[in-house]
Structure formats: structure tokens, C-alpha cells
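Engineer: Give the three-dimensional model of this entry:
(chains A and B)
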Protein chains: 2
Amino acid sequence: MADRPSEFALIARYFAPLARDPGALALGDDAALLENYAGTQTVVTTDALVAGVHFLADDPPHLVAQKALRVNLSDLAAKGAAPAGYLLALSLPQDFDAAWVEDFAAGLQEDQQRFGVSLLGGDTTATPGPLTLAITALGRVPQGRMLQRRGARPDDLVFVSGSIGDAGAGLAVLQGKLKAAEHAQYLIGRTRLPTPRLDLGTALHGVATASLDVSDGLLADLGHIAEVSQVRITVESERVPLSPAFRATCGETPAAIVHAATAGDDYEIAFTAPSEAAAQEAGKHGGVAVSRIGRVEAGQGVALLGADGHEIPVARAGFSHF
Amino acid sequence: MADRPSEFALIARYFAPLARDPGALALGDDAALLENYAGTQTVVTTDALVAGVHFLADDPPHLVAQKALRVNLSDLAAKGAAPAGYLLALSLPQDFDAAWVEDFAAGLQEDQQRFGVSLLGGDTTATPGPLTLAITALGRVPQGRMLQRRGARPDDLVFVSGSIGDAGAGLAVLQGKLKAAEHAQYLIGRTRLPTPRLDLGTALHGVATASLDVSDGLLADLGHIAEVSQVRITVESERVPLSPAFRATCGETPAAIVHAATAGDDYEIAFTAPSEAAAQEAGKHGGVAVSRIGRVEAGQGVALLGADGHEIPVARAGFSHF
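Structural biologist: Have a look, this model is predicted:
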């Protein structure tokens, strides 16, 4: 108990050094201050993570921190926003370990430099339950240019960045349900440390008609676009981009593709756009491969089509907590 | 289990109706959009609340919701910001009761109308622990005019709005530690439902040199101003504003005043200003009494002075979670 720092000491020691932005007021105030640049709008998103639900209590703390930050940055990326900063609400168990917090903060420090963001503010409380954290990320988009789920139109094409299914396979490896030999490290890395596609997001202004990041599962998330845009989306199963590690570990059978397209946690950007050339150009600017995987039609819902053009039945399109 | 709605159903049924602002995109997107009005800055603050720590599991859910929202609006008020909206990250126990969520959302609905704010976005997750929520509130201030903890200067006077100690007494009544007879309802109301002093906050532009809301305890919070502003603050104990209910229940002995000034959770605005007339005028605009309680001097720390001018020893200036 004696070496457990107080709430204020914790903030001063581990979190104040993360508050690089002048608007964070060195975490010495009740609120943070953000500049409102002319011709921009503010984009804001929040995600909560609970130990035992979203990560394991014995996961390396710096990776927990980085994933928490990155899933929020991924939301900003999918909206075409440039990140401005983030807030952290941290509820710590009474018996928390100062070394855990130190490593957690070190992870944030690393990613702040990597992605050019600063902690702006937060709140630290005790909890009798598992460690829980909520990150709220703020970004900016040019006025009227936020990429939304709404906006997909019939005849648009459907694209996704990077590869799909790695994170789901990596989680299965961590859970001992899948053996991946030399591919284990890559797949686990993909589930623990998603890469927010920030440069792709800003390159999609004027290109994408609708966009989101793949968290619930590729098909479930395209279903969100279909629902809000009031269109139907078809995905050609053999076009779903699978990494060499995924193919080597899970194969590329229809069942494996269904798993990839429903497992979620990919944090790639799925978007619709009328022009394949423009989508590929955005991928080049964004430094990530962009694959055309399907098309938008009149109608509703999402269908995964086999090589023969018939719909592959999917029992469960994506993840829900309840 | 059968009548427990899914994460998506929960959001659609209870929270989407709260998303009145067009920038909330009806909660149908990954992020919310906020206008950046010319000549303004964005102010942002977050607070986490945990069942069993910040409220009791059997507290009325609409009051839990309203307190969670109001403590954040209180932070905006103390910074002189006009509220623009808020995000909610809600972690629900697996066995949560839909009626609880319904009443919680009804509480938010009521306060949204009362304070003119809208839910902008959020996240709903499961937790194996106690119900946990984090609210992030966003507001706007005229460029360069945010009230900060920094800024108090020697010879400034110290003020506080409303009355101090009611919330602490109300909590003691709830805990069965204090009998309050006909004053119980008022005192309990003050601990359950703080009043964010939004109109006072915006009236303090150009008046206050430093400002915050009283959450940790009057003396602890003035200590924050003293520390960041690098000044000393003295408070005259007999000037600490006590409500008739507090006086009738706890008396007005030095011990009672120390309790009032350290119990916290008041969510009044404490501020420093050079002019008493201007401070009183701001109180009139804000629709709340403003009391001069002390002064700012060169030096450091906070002292509570008795009627004889001697310092009253205070064992514990305010609340810390650890």
C-alpha cells in the first residue's frame, strides 16, 4: 500500500508528461482547450475498454494502452479526420500496480509520437471491478467533408484497406484455439496492435461516398453502411483480401473467408466510391493496399457471394456485446 | 435473458432519441461532428463514475444519469464555456436491467431539455464489474477567454457561488450518519443533483482571474488554484456560505465549517476576481448568490482563518480516490 501513489501523484508522475499540447494545460485544470481552425469541424468519438472483456488482465499494459488509443484514432481515420488529441478516463482497481500504470503510460507516450497526438485531459478513479478505460479522441475535418456511413449509392464500388481476418485469427491463437507456427507473431500483432489508417482517411476526401472502420466484422460493418445509406452491398468472397499468414493458417475455403469477414477487430477502412482509379490513388497516398471487394446496388442488406455468384450463408455477421 | 435488448437495440431504443443535435448523426455513425464557430475555442472535459464508488447501485437511475451529466456541465460552467453536447461511454453488467437503462435515459432526456444539450455519441459495452460510465462534455468559449485555474493574483478577492457543505451533509444523511428531519430532502437533493452554474460561468468572462468548480472540497479546490497560480489563498471561515438547512443540521461551529469546506461534491463555482462589484454583478446574471470568502496573497497554500484571524487546522483538505 505504501508505494501506491495517490490519484494526484499518479496523474503528475505518469500522465502529465503525456500532455504535450498547450491546450492540455499540463493536466492542471478542469478541462482542455482546443483551437477551432477556420473552415474546419471537430470530429469526436469515444470507446470504452474493460479488462476481461476487451483485453486480458495480464496483457502487456503498453499494448492495452496503444490498442485503446488506436481504435479511437481508427474511428477518426475512417471519418477522414486529422487527430487533434484525446482524453482518458481511467478506473483503476484498488489493488492496482504502479508498474502497470507506468507501462501503460509508456505505451501511450510511444504512440503519441508515432501518430502525432497529445493527451488533452482525463479523469482517474478507483473501481471495485476490473480496470476500465474510456478514450475520447478529437480530430478535425475540412468543413462539410467528414466521411460518413451515409452516402453509398447504387453502382458505387466497395473497397477495404489492408487485409481482413488477421485479428480474429490472432485472437484464436492467443486463446489456444488455433496453431499458427511462424505466423503466430504476425497474427497476434494484428489483434493487439491495429494500425489506424490515418493517411488513407484524409486521402479519401472527395473519393469515398461512405466510410467506416472494420471493428464489428467486415460484413456487419458494411451492413451499417447499407442500413444508413439505404442500399444493398454485395461482397465477392474471393476478393476479400487475406494475408499470406491468414491463408497459411486458416486456408481460403468459404468457411475461412466467412470467419475473416465476421471476426472483426481489423480496424481497416471499408469504403464505397464510384471510381476504382481514385480509390487506388488514395491507397497510394495512404501507404496501404486498397482492394475492390464488391459493389453497391439498390435494395438492402449485405450478401457475401461465392465464386459461382450464389450467396454464402453467414450465421452471424459480426460482434455484439450482449 | 430473452427480454434483454442487444447492444444495438439498446442504443436505438434508449439513446438514439437523445441524439437531437444534427452532428450526432442519430448515433448512426462512428463519430460525431461539431461546428467550429469563428472566434471560439472548444472546451472538453471527461468524468468517470463507478457504481459503488460515485453512486450506489440502488440509486434512482435517472438521478445517476443527471448527476453524471451535471458534474461535466459544471466543469464547463467553471471554465466559462457554453455547453455544445456530450458523449457517453457506458459499461453495463451482464445482468443489467433494461428498466434501469430506460430510467437512466429518461433522466438524461430531462436534463438535456433543462440545459439545452444533446447526446452526440458514445459507446456501450459489457463489464463483469460494476456499472461504469464516462461522460465527455464539449463546450465553446470565445477565443482566449477560457477561465482557468491559473490567473489568480495577489490582492484578488476569492468568491464562491451558492452554499457549501450541503452535498457532504446530504451524503451523511443518506449514509445514516446524520439526522436532518425536515432538512433531509433538501440536503439529499444537493448531493444527488448538483446545479451546474452555467449562466454564472459565462458571466465571469472579464471578471474572474481564475475559476474552478468545487468537487474535491472548497479548500482542496482553492488549493488547486493556489498551486497553479503560485499564490496563497486565505479563507475567512465565518464567510463560508452555509445554507439554513446546513446550519440547522450541522451547526456553524469551526468543526462544522471545516466539514463543509472539505466534504466536496458542491459543484459551486469558486473564483478569484479583483472587483467585488463585478463579481456580484456576475452572480446576478448567473441567478445565484455569490459570496466573498477570502483573498489572494503572495505565497503558497490555502489557510482557513477563524474569527480571531488564526489559522484553523484542517486535517484533510479534500477527497482523493486512493
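
Engineer: Please make it C-alpha for all contacts and neighbour counts, starting now.
Structural biologist: OK.

Engineer: Could you tell me how many residues sit around A:Asp199?
Structural biologist: Number of residues near A:Asp199 (other Cα atoms under 10 Å in any protein chain shown) recorded here: 20.

Engineer: What distance do you get for it to A:Val207?
Structural biologist: 13 Å (Cα to Cα, to the nearest Å).

Engineer: which stretches of the stretch 151-300 of chain A form strands?
Structural biologist: A:157-161, A:210-213, A:232-236, A:269-273, A:290-297 (DSSP state E, counting those that start in this stretch).

Engineer: Can I get the ones you listed in TSV including distance to chain B and mean pLDDT?
Structural biologist: Output for the strands of the stretch 151-300 of chain A, formatted as TSV (distance: least, Cα to the nearest Cα, whole Å; pLDDT from 0 to 100):
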stretch	distance to chain B	mean pLDDT
strand A:157-161	17	98
strand A:210-213	7	98
strand A:232-236	17	98
strand A:269-273	12	98
strand A:290-297	19	98
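
Engineer: tell me the most buried of these?
Structural biologist: Of all the strands of the stretch 151-300 of chain A, strand A:210-213 has the most neighbours on average by mean count of other Cα atoms under 10 Å in any protein chain shown, namely a mean of 30.

Engineer: In terms of secondary structure, what does that one contact?
Structural biologist: helix A:61-78, helix A:218-229, strand A:269-273 (3 or more Cα pairs under 8 Å, 6 or more residues apart in numbering or on different chains; DSSP states H and E).

Engineer: Direction included, what does the shortest one pair against?
Structural biologist: Which is strand A:269-273. Paired neighbours of strand A:269-273 in the sheet (DSSP bridges): strand A:157-161 (antiparallel), strand A:210-213 (antiparallel).

Engineer: Please export the C-alpha coordinates of the first one as CSV.
Structural biologist: Included here for strand A:157-161 are C-alpha records, laid out as CSV according to Å, rounded to 0.1, in the frame of the first residue of the first chain:
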residue,chain,number,x,y,z
LEU,A,157,-17.8,0.1,-55.8
VAL,A,158,-16.8,-1.3,-52.3
PHE,A,159,-13.2,-1.2,-51.1
VAL,A,160,-11.3,-2.2,-48.0
SER,A,161,-7.8,-1.4,-46.9
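
Engineer: Name the residue of the stretch 51-200 of chain A that lies nearest to chain B.
Structural biologist: Relative to chain B, the nearest point of the stretch 51-200 of chain A is A:Gly129 (4.3 Å; Cα to the nearest Cα).

Engineer: Give me the pLDDT for that residue.
Structural biologist: Note for A:Gly129: predicted pLDDT of 94.

Engineer: Where does pLDDT dip in chain A?
Structural biologist: A:1-5, A:7-8, A:316-322 (pLDDT under 70).

Engineer: let's see it at 50
Structural biologist: A:1-3, A:319-322 (pLDDT under 50).

Engineer: Surely A:Leu157 touches A:Ala270?
Structural biologist: No: counting by Cα atoms under 8 Å, A:Leu157 sits too far from A:Ala270 to count as a contact (10.8 Å).

Engineer: what separates the residue lying closest to A:Ala278 once chain neighbours are set aside from chain B, distance-wise?
Structural biologist: Counting by Cα to Cα, 6 or more residues apart in numbering or on different chains, A:Ala278 lies nearest to A:Val207, which is 6.2 Å off, once chain neighbours are set aside. Remark: distance between A:Val207 and chain B (Cα to the nearest Cα, to the nearest Å) = 19 Å.

Engineer: and after the helix or strand hosting A:Leu92, which helix or strand comes next?
Structural biologist: A:Leu92 belongs to strand A:82-93 when assigned by DSSP states H and E. Downstream of strand A:82-93, the first helix or strand assigned by DSSP H and E is helix A:98-115.

Engineer: partners of the nearest residue to A:Gln300 once chain neighbours are set aside in the sheet?
Structural biologist: Closest residue to A:Gln300 apart from its sequence neighbours, by Cα to Cα, 6+ apart: A:Arg232 at 4.0 Å. As for beta bridges, A:Arg232 partners with A:Glu297, A:Gly301 under DSSP bridges.

Engineer: pretty sure A:Arg232 contacts A:Ala298?
Structural biologist: Yes: in this structure A:Arg232 lies within contact range of A:Ala298 using Cα under 8 Å: 5.6 Å.

Engineer: intersection of neighbour lists for these two?
Structural biologist: In terms of Cα atoms under 8 Å, 6 or more residues apart in numbering or on different chains, A:Arg232 and A:Ala298 are both contacted by the residues A:Pro154.

Engineer: if we look at stretch A:276-284, which residues are touching it?
Structural biologist: Against stretch A:276-284 from outside (Cα under 8 Å, 6+ apart): A:157, A:159, A:161, A:200, A:203-204, A:207-208, A:273, A:289-290, A:292.

Engineer: what do you get for stretch A:286-302?
Structural biologist: A:152-162, A:197-201, A:203, A:219, A:222-223, A:226-227, A:230-237, A:239-241, A:272, A:276, A:279-280, A:283.

Engineer: from the chain's centre, how far out does that stretch sit?
Structural biologist: 18 Å (Cα atoms, centre = their mean, to the nearest Å).

Engineer: gap between the two ends of that stretch?
Structural biologist: 27 Å.

Engineer: do the same with stretch A:279-296
Structural biologist: 15 Å.

Engineer: what's the answer for stretch A:52-69, then?
Structural biologist: 18 Å.

Engineer: Spit out the contact partners of the residue of the stretch 51-200 of chain A closest to chain B.
Structural biologist: By Cα under 8 Å, 6+ apart, the contact list for A:Gly129 reads A:93, B:128-130.

Engineer: Now the two most distant members of the residues you listed.
Structural biologist: Distance extremes for the contacts of A:Gly129: the farthest pair is A:Pro93 and B:Pro128 at 13.1 Å, using Cα to Cα.

Engineer: overlap in contacts of those two?
Structural biologist: A:129-130.

Engineer: Alpha carbons only: can I get stretch A:102-112 in CSV?
Structural biologist: Extracted in CSV, the C-alpha atoms of stretch A:102-112 (Å, rounded to 0.1, in the frame of the first residue of the first chain):
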residue,chain,number,x,y,z
GLU,A,102,3.9,3.2,-15.7
ASP,A,103,4.0,0.7,-18.6
PHE,A,104,0.5,1.8,-19.8
ALA,A,105,1.7,5.4,-19.9
ALA,A,106,4.9,4.4,-21.7
GLY,A,107,2.7,2.8,-24.4
LEU,A,108,0.7,6.0,-24.8
GLN,A,109,3.9,8.0,-25.0
GLU,A,110,5.2,5.9,-27.8
ASP,A,111,2.0,6.1,-29.8
GLN,A,112,1.7,9.8,-29.2
